[in-house]
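**Q** Quick one: sequence and predicted model below, then my questions.
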Amino acid sequence: MINKKVNNVQEALHDIKDSQTIMLGGFGLCGIPENSIAELVKKDIKNLTCISNNAGVDDFGLGLLLQKRQIKKMISSYVGENAEFERQMLSGELEVELTPQGTLAEKCRAAQAGIPAFFTPAGYGTEVAEGKETREFNGKMHIMEHAYKADFAIVKAWKGDTAGNLIFKGTARNFNSCMAGAAKITIAEVEELVEAGTLDPNQIHIPGIFVKRIFQGEKYEKRIEQRTVRTR
(Lines give C-alpha, C1' and ligand atoms only; values in the text may rest on other atoms or scores of the structure.)
Protein backbone atom coordinates (compact mmCIF):
# COMPACT_ATOMS: atom_id res chain seq x y z
CA MET A 1 0.00 0.00 0.00
CA ILE A 2 1.29 3.46 -0.92
CA ASN A 3 2.39 5.52 2.07
CA LYS A 4 1.34 9.15 1.54
CA LYS A 5 2.50 10.44 4.90
CA VAL A 6 4.89 13.39 4.95
CA ASN A 7 6.68 14.54 8.07
CA ASN A 8 5.30 18.05 8.45
CA VAL A 9 3.46 20.95 6.86
CA GLN A 10 6.66 22.33 5.33
CA GLU A 11 7.20 19.12 3.38
CA ALA A 12 3.54 18.92 2.40
CA LEU A 13 3.46 22.43 0.91
CA HIS A 14 7.00 22.57 -0.45
CA ASP A 15 6.05 22.97 -4.12
CA ILE A 16 3.28 25.58 -3.85
CA LYS A 17 4.38 28.64 -5.81
CA ASP A 18 3.30 32.20 -6.58
CA SER A 19 0.27 32.74 -8.82
CA GLN A 20 -1.23 29.27 -8.35
CA THR A 21 -4.87 28.39 -7.68
CA ILE A 22 -5.61 26.75 -4.34
CA MET A 23 -8.83 25.27 -2.93
CA LEU A 24 -9.11 25.50 0.85
CA GLY A 25 -11.67 23.49 2.79
CA GLY A 26 -13.75 24.73 5.68
CA PHE A 27 -16.95 26.61 6.41
CA GLY A 28 -16.55 29.85 8.32
CA LEU A 29 -13.83 28.88 10.77
CA CYS A 30 -15.04 25.29 11.05
CA GLY A 31 -12.74 22.64 9.61
CA ILE A 32 -10.18 25.00 8.09
CA PRO A 33 -6.62 23.74 7.47
CA GLU A 34 -5.04 25.97 10.14
CA ASN A 35 -1.50 24.59 9.89
CA SER A 36 -1.41 24.90 6.11
CA ILE A 37 -2.73 28.46 6.10
CA ALA A 38 -0.09 29.45 8.66
CA GLU A 39 2.60 27.88 6.47
CA LEU A 40 1.37 29.75 3.37
CA VAL A 41 1.63 32.99 5.35
CA LYS A 42 5.16 32.08 6.45
CA LYS A 43 6.23 31.16 2.91
CA ASP A 44 5.02 34.61 1.75
CA ILE A 45 3.60 33.20 -1.49
CA LYS A 46 2.01 35.95 -3.62
CA ASN A 47 -0.73 36.43 -6.23
CA LEU A 48 -2.76 33.42 -5.15
CA THR A 49 -6.22 32.61 -6.45
CA CYS A 50 -8.11 31.04 -3.55
CA ILE A 51 -11.29 29.02 -3.83
CA SER A 52 -13.04 28.81 -0.47
CA ASN A 53 -16.56 29.13 0.82
CA ASN A 54 -15.53 32.24 2.74
CA ALA A 55 -12.47 34.35 3.53
CA GLY A 56 -12.11 33.72 7.26
CA VAL A 57 -12.07 36.70 9.63
CA ASP A 58 -9.64 39.57 9.91
CA ASP A 59 -7.10 37.82 12.14
CA PHE A 60 -7.70 34.14 11.46
CA GLY A 61 -8.07 31.71 8.59
CA LEU A 62 -7.67 33.17 5.11
CA GLY A 63 -7.86 36.61 6.70
CA LEU A 64 -4.18 36.12 7.57
CA LEU A 65 -3.30 35.81 3.87
CA LEU A 66 -5.43 38.85 3.05
CA GLN A 67 -3.63 40.91 5.66
CA LYS A 68 -0.32 40.29 3.88
CA ARG A 69 -1.81 40.89 0.41
CA GLN A 70 -0.98 37.35 -0.67
CA ILE A 71 -4.32 36.74 -2.39
CA LYS A 72 -4.88 38.23 -5.83
CA LYS A 73 -8.31 36.73 -6.47
CA MET A 74 -10.89 35.28 -4.11
CA ILE A 75 -13.60 32.88 -5.35
CA SER A 76 -16.15 32.58 -2.55
CA SER A 77 -19.77 32.35 -1.56
CA TYR A 78 -19.95 34.24 1.75
CA VAL A 79 -17.57 37.01 2.80
CA GLY A 80 -19.54 38.97 5.39
CA GLU A 81 -17.30 38.44 8.42
CA ASN A 82 -14.08 39.94 7.09
CA ALA A 83 -13.69 43.72 7.20
CA GLU A 84 -10.29 43.65 5.46
CA PHE A 85 -11.78 41.57 2.64
CA GLU A 86 -14.51 44.19 2.23
CA ARG A 87 -11.96 47.02 2.19
CA GLN A 88 -9.75 45.35 -0.42
CA MET A 89 -12.73 44.44 -2.60
CA LEU A 90 -14.28 47.94 -2.55
CA SER A 91 -10.90 49.60 -3.18
CA GLY A 92 -10.20 47.34 -6.17
CA GLU A 93 -7.13 45.75 -4.57
CA LEU A 94 -8.71 42.30 -4.61
CA GLU A 95 -10.42 40.56 -7.50
CA VAL A 96 -13.57 38.83 -6.26
CA GLU A 97 -15.81 36.21 -7.86
CA LEU A 98 -18.94 35.67 -5.79
CA THR A 99 -20.67 32.35 -6.45
CA PRO A 100 -23.91 30.83 -5.10
CA GLN A 101 -22.93 28.44 -2.34
CA GLY A 102 -24.47 25.35 -3.90
CA THR A 103 -22.86 26.17 -7.24
CA LEU A 104 -19.47 26.58 -5.60
CA ALA A 105 -19.83 23.17 -3.95
CA GLU A 106 -20.93 21.54 -7.20
CA LYS A 107 -18.08 23.12 -9.18
CA CYS A 108 -15.71 21.47 -6.70
CA ARG A 109 -17.55 18.15 -6.81
CA ALA A 110 -17.64 18.20 -10.62
CA ALA A 111 -13.86 18.69 -10.70
CA GLN A 112 -13.52 15.82 -8.22
CA ALA A 113 -15.62 13.56 -10.47
CA GLY A 114 -13.96 14.61 -13.73
CA ILE A 115 -17.10 16.33 -15.03
CA PRO A 116 -16.11 19.45 -17.06
CA ALA A 117 -19.39 21.36 -16.78
CA PHE A 118 -23.02 21.17 -15.65
CA PHE A 119 -26.28 23.14 -15.81
CA THR A 120 -27.94 24.74 -12.78
CA PRO A 121 -30.89 27.12 -12.34
CA ALA A 122 -29.08 28.99 -9.55
CA GLY A 123 -28.24 32.53 -10.60
CA TYR A 124 -30.24 32.65 -13.82
CA GLY A 125 -31.45 36.17 -14.51
CA THR A 126 -28.79 37.72 -12.27
CA GLU A 127 -25.21 38.97 -12.69
CA VAL A 128 -24.07 35.40 -12.02
CA ALA A 129 -25.35 34.38 -15.47
CA GLU A 130 -23.65 37.14 -17.45
CA GLY A 131 -21.60 35.75 -20.34
CA LYS A 132 -22.59 32.15 -19.65
CA GLU A 133 -24.43 29.69 -21.85
CA THR A 134 -28.10 29.20 -20.91
CA ARG A 135 -30.47 26.40 -21.77
CA GLU A 136 -34.03 25.40 -20.92
CA PHE A 137 -34.76 22.12 -19.18
CA ASN A 138 -38.33 21.07 -18.34
CA GLY A 139 -39.60 24.60 -18.80
CA LYS A 140 -36.97 26.17 -16.52
CA MET A 141 -33.90 28.13 -17.56
CA HIS A 142 -30.45 27.01 -16.45
CA ILE A 143 -26.93 28.37 -16.79
CA MET A 144 -23.85 26.33 -17.60
CA GLU A 145 -21.10 26.32 -14.99
CA HIS A 146 -17.61 24.93 -15.51
CA ALA A 147 -15.80 22.77 -12.98
CA TYR A 148 -12.96 24.45 -11.15
CA LYS A 149 -9.37 23.96 -12.25
CA ALA A 150 -7.00 24.20 -9.29
CA ASP A 151 -3.36 23.37 -8.73
CA PHE A 152 -3.82 22.33 -5.09
CA ALA A 153 -6.67 21.41 -2.76
CA ILE A 154 -5.84 21.70 0.95
CA VAL A 155 -8.31 19.99 3.27
CA LYS A 156 -8.53 19.29 6.98
CA ALA A 157 -9.86 16.06 8.49
CA TRP A 158 -10.37 14.68 11.98
CA LYS A 159 -8.63 11.37 11.33
CA GLY A 160 -6.60 9.96 8.47
CA ASP A 161 -4.29 7.06 7.77
CA THR A 162 -0.99 6.79 5.97
CA ALA A 163 -2.78 5.67 2.79
CA GLY A 164 -4.66 8.99 2.68
CA ASN A 165 -8.11 7.78 3.77
CA LEU A 166 -9.99 10.53 5.61
CA ILE A 167 -12.72 10.82 8.23
CA PHE A 168 -14.32 14.19 8.93
CA LYS A 169 -16.07 15.09 12.16
CA GLY A 170 -19.48 16.77 12.20
CA THR A 171 -19.83 20.06 10.35
CA ALA A 172 -16.13 20.03 9.43
CA ARG A 173 -17.07 17.68 6.60
CA ASN A 174 -18.47 20.73 4.71
CA PHE A 175 -16.34 21.79 1.72
CA ASN A 176 -13.45 19.55 2.71
CA SER A 177 -15.27 16.53 1.34
CA CYS A 178 -15.98 17.88 -2.16
CA MET A 179 -12.57 19.57 -2.52
CA ALA A 180 -10.57 16.42 -1.81
CA GLY A 181 -9.42 15.16 -5.20
CA ALA A 182 -10.76 18.23 -7.02
CA ALA A 183 -7.30 19.64 -7.84
CA LYS A 184 -4.11 18.34 -9.42
CA ILE A 185 -2.70 17.69 -5.93
CA THR A 186 -4.68 17.25 -2.71
CA ILE A 187 -2.97 17.79 0.63
CA ALA A 188 -4.69 16.68 3.82
CA GLU A 189 -3.84 17.78 7.32
CA VAL A 190 -5.41 15.72 10.10
CA GLU A 191 -5.76 15.90 13.85
CA GLU A 192 -4.86 12.24 14.23
CA LEU A 193 -2.81 10.19 11.78
CA VAL A 194 -2.86 6.40 12.12
CA GLU A 195 -1.44 3.44 10.24
CA ALA A 196 -3.23 2.10 7.18
CA GLY A 197 -5.79 -0.55 8.11
CA THR A 198 -6.59 1.05 11.46
CA LEU A 199 -9.70 2.96 10.36
CA ASP A 200 -13.06 1.23 9.95
CA PRO A 201 -13.65 1.15 6.16
CA ASN A 202 -17.35 1.84 6.76
CA GLN A 203 -16.52 5.15 8.46
CA ILE A 204 -14.21 6.57 5.77
CA HIS A 205 -15.62 9.63 3.97
CA ILE A 206 -12.86 10.17 1.39
CA PRO A 207 -10.75 7.27 0.04
CA GLY A 208 -7.01 7.68 -0.14
CA ILE A 209 -6.98 7.63 -3.95
CA PHE A 210 -8.03 11.31 -3.82
CA VAL A 211 -5.17 12.36 -1.53
CA LYS A 212 -1.55 12.91 -2.59
CA ARG A 213 0.00 13.89 0.77
CA ILE A 214 -1.10 13.69 4.38
CA PHE A 215 0.41 14.97 7.62
CA GLN A 216 -0.60 15.36 11.23
CA GLY A 217 -1.31 18.95 12.24
CA GLU A 218 -0.87 20.46 15.67
CA LYS A 219 -2.07 23.19 18.04
CA TYR A 220 -5.52 23.67 16.50
CA GLU A 221 -7.37 26.71 17.87
CA LYS A 222 -10.75 25.75 16.39
CA ARG A 223 -12.19 29.20 16.90
CA ILE A 224 -15.95 29.76 16.91
CA GLU A 225 -16.94 32.44 14.42
CA GLN A 226 -20.34 33.30 15.87
CA ARG A 227 -21.31 31.99 19.29
CA THR A 228 -25.07 31.93 19.80
CA VAL A 229 -26.67 30.71 23.01
CA ARG A 230 -30.26 30.41 24.12
CA THR A 231 -31.64 33.23 26.25
CA ARG A 232 -32.39 31.96 29.73
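**A** Looks like it came in fine. Residues are numbered from 1 along each chain as shown.

**Q** Mind listing residues that contact the longest helix along the chain?
**A** The longest helix of the chain (DSSP state H) is helix 101-113. Contacts of helix 101-113 with the rest of the structure, by CB atoms under 8 Å, 6 or more residues apart in numbering, involve 23, 51, 53, 75-78, 99, 116-118, 120, 122-123, 128, 145-150, 175, 178-183, 210. Every C-beta, even on glycine, is put in place using the N, C-alpha and C of the backbone.

**Q** can we see that at 6 Å?
**A** With contact meaning CB atoms under 6 Å, 6 or more residues apart in numbering, helix 101-113 is reached by 77, 118, 120, 122, 145, 147, 148, 178, 179, 181, 182.

**Q** lowest confidence element among the helices and strands of this structure?
**A** Least confident element among the helices and strands of the chain, by mean pLDDT, DSSP states H and E: helix 83-91 (a mean of 90).

**Q** Strands of this structure, start to end?
**A** 21-24, 48-51, 71-76, 95-98, 117-120, 134-137, 140-146, 152-161, 166-167, 185-194, 213-216 (DSSP state E).

**Q** I'd like these written out as a markdown table, with distance to residue 10, mean neighbour count and mean pLDDT added.
**A** Shown next, in a markdown table, are those (distance: least, CB to CB, whole Å; neighbours: other CB atoms under 10 Å; pLDDT from 0 to 100):
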| stretch | distance to residue 10 | mean neighbour count | mean pLDDT |
| --- | --- | --- | --- |
| strand 21-24 | 16 | 24 | 98 |
| strand 48-51 | 18 | 23 | 98 |
| strand 71-76 | 21 | 20 | 96 |
| strand 95-98 | 29 | 14 | 94 |
| strand 117-120 | 37 | 15 | 98 |
| strand 134-137 | 46 | 10 | 97 |
| strand 140-146 | 33 | 16 | 98 |
| strand 152-161 | 14 | 27 | 98 |
| strand 166-167 | 21 | 22 | 98 |
| strand 185-194 | 12 | 21 | 98 |
| strand 213-216 | 9 | 22 | 98 |
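
**Q** Columns distance to residue 36 on top of the ones you listed, output as TSV?
**A** As requested, the strands of the chain are exported to TSV (distance: least, CB to CB, whole Å):
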stretch	distance to residue 36
strand 21-24	8
strand 48-51	12
strand 71-76	14
strand 95-98	22
strand 117-120	29
strand 134-137	38
strand 140-146	26
strand 152-161	5
strand 166-167	14
strand 185-194	6
strand 213-216	9
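
**Q** which one of those lies closest to residue 204?
**A** Nearest of those to residue 204, taken as CB to CB: strand 166-167 at 6.0 Å.

**Q** Return the set of residues that bridge with the residue nearest to residue 95 when sequence neighbours are not counted.
**A** Residue nearest to residue 95 in three dimensions, not counting chain neighbours: residue 73, with 4.1 Å by CB to CB, 6 or more residues apart in numbering. Bridge pairing for residue 73 (DSSP bridges) gives the partners residue 49, residue 95.
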